[in-house]
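*Asks:* Here's a sequence, model it:
(2 chains)
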Amino acid sequence: MKKVKFIAPVAVPTIGASGKTGNWRVMKPIIDYDKCIKCMQCWMYCPEGAITVENDMPKIDYVYCKGCGICANECPVKAIKMEKEV
Amino acid sequence: MVVKVLTGNHAAAYGAKLAKVNFISAYPITPQTSIIEKLAEFVDSGDLNAKFVRVESEHSAMAAVIGAAAVGARAFTATSAQGLFYMYEMIWWAAGARLPIVMGVVTRAIAPPWSIWTDHADFLALRDSGWILLFARDAQEVLDTVIQAYRIAEDEEVMLPVAVGWDAFIASHTAESVDIPSQEVIDEYLPAKKEFAHMLDVEHPFSLGNLAFPDNYMEFRWLIDKSMNAAREVILKADKEYGNIVGRSYGGLVEEYKCADADVVVFMMGAASGDGMDAVDELRDEGYNVGLCRIRAVRPFPIEEVRKISQRVKAGVVIDRDVSFGFGGILAGEIKAALYNTDKKPPIFNIIAGLGGRDIDVRIVKQAVINAYRFIEECKEPKELEWMGLRQEVLIL
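*Replies:* Numbers count the residues shown, from 1 in each chain, chains lettered A, B, ... in the order given. Okay, here's the model as predicted:
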């Protein structure tokens, strides 16, 4: 983005503006792609934008996923399970 | 140009229409309501191409106007007293986000006790918010100042919201003949709103008004102060060019009335200044060399103008239609502060009068001036603060 003089406080969205939040995680969501029906509810509900869509499938970015578990909770076919981080 | 008989509020609506506002959001409150009713009529009839958003509170009205201004709309709202305070958080937000909004503030006394009549305390509560504060005297000036306000607010050096104040009922509901400039003339004076760096744009998303840590916050406040100071020149120029193009101007940050050779100058703001000018005429007939300085801009404050006038006079009288409890009149405090670091400081007499819509008439102004003269002649101790027109008979002391 080109540099502009701003007189008001603005913030341009950037990936990882708050650092690599993935290491906050206690529980890790894991998608079972055999069960996944590609409804994209997890992608819609992820409050961190840490789920992207690749080849029509949801993909979790573990560098930033904080492990809140909302995706697992919202998944209508229980295709996401939460596993303890090691 | 057309001459119509308009109230101050309808004059404001005509001003906003001529400024081609394209976004209006407001919540009704006496004595402001007839502004937005008139604007709603304009939108309904198709005379004004604007979006009119009805909201459930003044807080939402200001929030809506902030959103609209942030995406580049020319936005207008109006309110009074309690409504102004209901939107108070958002008022500071508009200034901090540097959005050139214009708001009409029809001054109304603050409750309790409930009152719908004029008093400048609500308007002056905006003093430190980062809004430019202009105050009009009559319906004609309301129309002209609303238009000037967009020129000032949208100036690249300024980019701050502007509140235009005028007195409840005395200015807001009194019908006077008002010159309405033609659209072509105003289009020449006020170009369409330009884009600005922090204008929100869905194609290039960013958020506005974010968190600033202690290593950044102060600079944003300094920038507001810088722009507010720069606004002095812009206000003067906006008024002067309005004179050149439209044919009326008011003197910029202050309007001076017979100040040039005055021994005593009365400082006033708003509709009662008209009575003040009548008082000046009567006093001059009686042999007193008096002038009147009407404050048009409270922020930025006319520091230089007040200093220049004060250096020539033997005494100043400030009539405040407001009170800062335990201190005195707010305008008197500002004027005294402006003079403190100068060599020649005349004594300043502060009068509190006209609160809650009580009349400030010619007699009050004359009496205040004569008291000041008595001080000059008899070298008495100046009475710093005096409430005039108090009804002793209703006070149980």
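*Asks:* where's B:Ala64 relative to B:Val53, distance?
*Replies:* Separation of B:Ala64 from B:Val53 (Cβ to Cβ, to the nearest Å) stands at 5 Å. Heads up, the C-betas are built off the backbone N, CA and C, glycines and all.
*Asks:* okay, and the common contacts of those two?
*Replies:* With contacts defined as Cβ atoms under 8 Å, 6 or more residues apart in numbering or on different chains, the residues shared by B:Ala64 and B:Val53 are B:23, B:25.
*Asks:* who's more crowded, these two?
*Replies:* Ranked by neighbour count (other Cβ atoms under 10 Å in any protein chain shown), B:Ala64 and B:Val53 place B:Ala64 first, with 21 against 17.
*Asks:* if I've got this straight, that one is in a helix?
*Replies:* Yes - the assignment for B:Ala64 (DSSP: H, G, I helix; E, B strand; the rest coil) places it in a helix.
*Asks:* isn't it right next to B:Ser25, touching?
*Replies:* Yes - counting by Cβ atoms under 8 Å, B:Ala64 does reach B:Ser25; the two are 3.9 Å apart.
*Asks:* Domain parsing of chain B, as residue ranges.
*Replies:* Per the record, chain B has its domains at B:2-245, B:254-394, by automatic domain parsing.
*Asks:* Which residues of chain A lie near chain B?
*Replies:* Listed as neighbours of chain B in chain A under the rule Cβ under 8 Å from any Cβ of the partner chain: A:1, A:4-13.
*Asks:* about what we covered before: identify the contacts common to B:Ala64 and B:Ser25.
*Replies:* Any residue near both B:Ala64 and B:Ser25 by Cβ under 8 Å, 6+ apart counts here, and that gives B:53, B:55.
*Asks:* before we move on, back to that, out of the residues of chain A next to chain B, show me where the pLDDT dips lowest.
*Replies:* pLDDT is lowest at A:Met1 among the residues of chain A next to chain B; the value there is 47.
*Asks:* so what's the backbone phi/psi at B:Asp263?
*Replies:* Main-chain dihedrals, B:Asp263, degrees, to the nearest 10: phi -90, psi -40.
*Asks:* I meant B:Ser177, not that one.
*Replies:* Dihedral angles for B:Ser177 - degrees, to the nearest 10 - are phi -80, psi 130.
*Asks:* now do the one 4 residues further on
*Replies:* Phi and psi for B:Pro181, reported as degrees, to the nearest 10, are phi -60, psi 160.
*Asks:* circling back to that earlier point, what's the closest of the domains of chain B to A:Ile51?
*Replies:* domain B:2-245 (18.9 Å; Cβ to Cβ).
*Asks:* That closest one: how far from the chain's middle?
*Replies:* Relative to its chain's centre, domain B:2-245 lies at 10 Å (Cα atoms, centre = their mean, to the nearest Å).
*Asks:* Now the terminal residues of that domain, how far apart.
*Replies:* 16 Å (Cα to Cα, to the nearest Å).
*Asks:* Check whether it comes near chain A.
*Replies:* Yes - Domain B:2-245 is in contact with chain A by Cβ under 8 Å from any Cβ, via B:96-99, B:159, B:197-198, B:204-212, B:216, B:220, B:223, B:227.
*Asks:* so B:Glu255 makes contact with B:Ala297?
*Replies:* No - using Cβ under 8 Å, B:Glu255 is not in contact with B:Ala297, being 10.4 Å away.
*Asks:* more neighbours, the two?
*Replies:* B:Ala297 (23 against 20).
*Asks:* Identify the residue nearest that one in space, chain neighbours excluded?
*Replies:* Closest residue to B:Ala297 apart from its sequence neighbours, by Cβ to Cβ, 6 or more residues apart in numbering or on different chains: B:Leu253 at 4.0 Å.
*Asks:* surely that neighbour meets B:Ile303?
*Replies:* No - with contact defined as Cβ under 8 Å, B:Leu253 does not count as touching B:Ile303 (9.1 Å).
*Asks:* These two - which one has more neighbours?
*Replies:* Set side by side, B:Leu253 and B:Ile303 show more neighbours around B:Leu253, with 23 against 18, by other Cβ under 10 Å.
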